[in-house]
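In: test case, fold it:
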Amino acid sequence: MTLLKTNLSDAPREFRAPQTMTPEELGDNLARLVWESFSDFIAEDDAGISLTDLLAATEDGLPEQHAAEEALIFLMWAHTRGTQLAFIGRSTDDLVRLGLDLMHGAVFEDMVAHGTPRAQLPIFEQRVSARYSEYSAAAEISDARLGRVVARHLTGRDDATDAAVRAVAERAIAVANPLRDFLEDVELIG
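Out: Got it, this is the predicted structure:
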């Protein structure tokens, strides 16, 4: 009897991050991460946030469209921030910007593929730009300030509980920091 020999070992394999990534690969990977984070974020009680308490939910338990869009904007911002922090001083602004533009383009195309009228994208993009400015300014002040600003946009109210504000701030950190850590070992190539 002959045993099949393979290159596979019974030992668990260690995950290895890519050493290099093109802006196209970065944009594609980031878009996938944004959607995964979005799915996690709207899941009930994810990360200590009960979104039925935080967001206005529809009868099917999903957040209303405006709240869902605000959650998507917040998560795109968190991924953008993590990426910028990872590549600051290590890559050209043009390569990082291209990767982020490709991420945003992919997310917008996914939105259209799932029912958002293409004619609404320019208005949504303006909202994205306004939120990014507001979130970045708030993050410069404190995590708590960021959490409060994001919670206000998610709910449309200024009365978010301290627990909700903390949970939203923790979500930004939970997205941006591991992404930054992962990308710090990747060289962005043109």
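In: pull stretch 21-29 out as PDB, backbone CA atoms only.
Out: Output in PDB follows, covering the C-alpha atoms of stretch 21-29 (Å, rounded to 0.1, in the frame of the first residue of the first chain):
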ATOM      1  CA  MET A  21      -0.800  45.100  -3.400                       C
ATOM      2  CA  THR A  22      -1.900  47.200  -6.400                       C
ATOM      3  CA  PRO A  23      -4.400  50.000  -6.000                       C
ATOM      4  CA  GLU A  24      -6.900  47.800  -7.900                       C
ATOM      5  CA  GLU A  25      -6.300  44.900  -5.400                       C
ATOM      6  CA  LEU A  26      -6.600  47.300  -2.500                       C
ATOM      7  CA  GLY A  27      -9.800  48.800  -3.800                       C
ATOM      8  CA  ASP A  28     -11.400  45.400  -4.400                       C
ATOM      9  CA  ASN A  29     -10.300  44.000  -1.000                       C
END
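In: centre of the chain versus it, how much separation?
Out: Centre-to-centre, stretch 21-29 and its host chain are 15 Å apart (CA atoms, centre = their mean, to the nearest Å).
In: quick one: buried residues of that stretch?
Out: The neighbour-count criterion (16 or more other CB atoms under 10 Å) identifies 21, 23, 25-29 as the buried residues of stretch 21-29. The C-beta positions use only the backbone N, C-alpha and C, and glycine is treated the same way.
In: please apply the same query to stretch 74-85.
Out: Under 16+ other CB under 10 Å, the buried positions of stretch 74-85 are 74-84.
In: run through who's touching that stretch.
Out: Applying CB atoms under 8 Å, 6 or more residues apart in numbering, the set of residues contacting stretch 74-85 from outside is 26, 30, 33-34, 37-38, 41, 96, 99-100, 103-104, 107, 128, 131-132, 135-136, 139, 150, 153-154, 168, 171-172, 175-180, 183.
In: helices of this protein, start to end?
Out: Here the chain has its helices, by DSSP state H, at 23-42, 51-54, 65-87, 93-113, 121-141, 143-155, 162-183.
In: turn these into JSON lines, columns for mean pLDDT and distance to Ile189.
Out: Converted to JSON lines, the helices of the chain look like this (pLDDT from 0 to 100; distance: least, CB to CB, whole Å):
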{"stretch": "helix 23-42", "mean pLDDT": "92", "distance to Ile189": "9"}
{"stretch": "helix 51-54", "mean pLDDT": "54", "distance to Ile189": "39"}
{"stretch": "helix 65-87", "mean pLDDT": "92", "distance to Ile189": "12"}
{"stretch": "helix 93-113", "mean pLDDT": "97", "distance to Ile189": "8"}
{"stretch": "helix 121-141", "mean pLDDT": "97", "distance to Ile189": "26"}
{"stretch": "helix 143-155", "mean pLDDT": "91", "distance to Ile189": "32"}
{"stretch": "helix 162-183", "mean pLDDT": "88", "distance to Ile189": "13"}
